[in-house]
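Trainee: build me a structure from this.
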Amino acid sequence: MAWMKSSTCALGAALLLAGCSFVSDSLWPSLTGGDPARSSAPARPQRIAIQPSAAEQAGSPPALGTSQFQPQPPTPATSTGTFVGQKLEQLRNDLRRLQGQIGQHNTDLQQSRNITIQNAQRYHGTVAAINARLQVGTTPGNPVLVQQWTAAQGQLDQINGDIARMNNLANLTAADSAMAAFLLESTRAAYGLSGAVDEDHRQLAILEDEVNRTVVLIDRLLNELSDDIARQSRYLAGERGNLTTLSLAIKNGQLYGTSLASRAFGVRPAAASPAALSSSSVAGRRPFVVIRFDRPNVAYEQALYTAVSRALERRPDATFDLVAVTPQSGRSQTGAVSSTAARRNAENVLRSLTDMGLPNDRVNLSAMTSAQAQANEVHLYVR
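Mentor: Below is the predicted model:
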């Protein structure tokens with residue numbers, strides 16, 4: 001808990017918020033009881049700017065393989081005139097055709113790699129331009145940045161198309177692998193044919209070795225294709241999350257960083273249902289972040305992003321309790337209106353966390369009243 005307290009002090013513990021989204025009240029159990037510890041004098045809001053590193057801003061294309069897969073053609077041989085010699089020539093021609101297909105697959109693979117790298121470089125160039133503009137400051141919802149963001153999304157779609165082409169190439173290579181296995185069995189079976197001379201068996205041994213090398217080459221090609229597809233898929237999923245976070249930054253006109261999903265890489269425990277969170281689960285606990293709603297239209301996302309990012313850096317498997325806090329009121333009608341507003345504020349915080357890349361199953365929702373709160377608040381606790 002020491003790291004939570006130190007981070008809370010670093011953030012000043014008090015942030016400001018306004019929100020207006022809506023989720024069904026069935027998500028929010030009513031809580032009463034102990035309030036988190038709080039100072040008598042609320043701290044002034046503290047904006048903590050977290051800037052992405054140069055690698056995060058510029059980005060880098062996915063790491064792809066560099067191997068070439070060019071088979072060696074079969075060794076030329078003179079026909080012996082026997083039936084086995086004719087069979088040998090037929091098998092040798094089948095191997096040539098198979099190797100020609102493998103050579104074409106190799107050409108297609110190298111072209112796909114080059115296209116993927118070019119698409120990724122264009123994408124990261126667009127994202128770098130957006131980050132550079134956000135770095136120096138801009139207006140919320142800048143239409144130029146919105147247009148660039150749309151272009152970046154289209155460039156990610158092109159990378160997704162590159163993955164589809166590689167998947168198709170992997171399917172074709174798998175079919176060639178089956179053909180190579182059949183050709184190897186046919187070559188070995190030819191040893192049992194009658195009417196062969198010693199030269200036929202010598203050539204069969206050479207052909208068997210060449211087919212074996214082709215089988216190994218195809219296996220290596222399939223393995224590298226599988227690795228490339230897996231790397232690109234992980235890269236694409238990560239950049240989708242980063243792009244979602246970037247859209248929130250453009251909306252608010254301020255730079256955050258990469259998606260929180262990239263920091264949430266630990267084993268994720270199952271999230272408790274909202275109803276499972278009771279007053280005893282937060283009573284006596286100090287909130288990691290306190291967001292106060294004592295004024296309209298207050299920016300809170302940057303400090304919230306910083307707090308959650310640091311929490312996930314220290315505890316990648318952390319989950320969070322998001323609590324809507326309503327001041328106690330003597331008038332039931334006023335209290336009901338305030339409670340609804342507090343819950344909507346908390347829902348807005350949840351939406352911001354989702355846009356920043358934090359999965360919904362990492363956040364538990366609840367609501368409570370507080371005799372010490374002077375305005376609606378949202379408290380964030382780390383488990």
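
Trainee: could you point out which element follows the helix or strand containing residue 312?
Mentor: Per DSSP states H and E, residue 312 falls inside helix 301-314. Later in the chain than helix 301-314, the nearest helix or strand by DSSP H and E is strand 320-327.

Trainee: between that following strand and helix 301-314, how big is the angle?
Mentor: 140 degrees (axes from the mean of the first three to the mean of the last three C-alpha atoms, to 10 degrees).

Trainee: output the contacting helices and strands for strand 320-327.
Mentor: Applying 3 or more C-beta pairs under 8 Å, 6 or more residues apart in numbering; DSSP states H and E, we find strand 320-327 packed against helix 279-282, helix 332-355, strand 363-370, strand 377-382. Every residue, glycine included, has its C-beta placed from N, CA and C.

Trainee: just the ones you listed: most buried one?
Mentor: strand 377-382 (a mean of 25; mean count of other C-beta atoms under 10 Å).

Trainee: excluding its backbone neighbours, what's nearest residue 140?
Mentor: Leaving aside its chain neighbours, residue 140 sits nearest to residue 253 (3.9 Å; criterion: C-beta to C-beta, 6 or more residues apart in numbering).

Trainee: what sits against that neighbour?
Mentor: Residue 253 makes contact with 134, 137-142, according to C-beta atoms under 8 Å, 6 or more residues apart in numbering.

Trainee: from the contact counts, what lies against the helix holding residue 312?
Mentor: Right, helix 301-314 is packed against helix 2-11, strand 289-292, helix 332-355, strand 377-382 by 3+ C-beta pairs under 8 Å, 6+ apart.

Trainee: again, only using 7 Å
Mentor: helix 2-11, helix 332-355 (3 or more C-beta pairs under 7 Å, 6 or more residues apart in numbering; DSSP states H and E).

Trainee: low-confidence ranges in the stretch 51-200 of the chain?
Mentor: 51-62 (pLDDT under 70).

Trainee: now do the helices in it.
Mentor: 54-58, 83-136, 143-189, 198-252 (DSSP state H, counting those that start in this stretch).

Trainee: quick one: pLDDT of the residue most central in space within the chain?
Mentor: The residue lying closest to the centre of the chain (C-alpha atoms, centre = their mean) is residue 238, at 2.7 Å. pLDDT, residue 238: 84.
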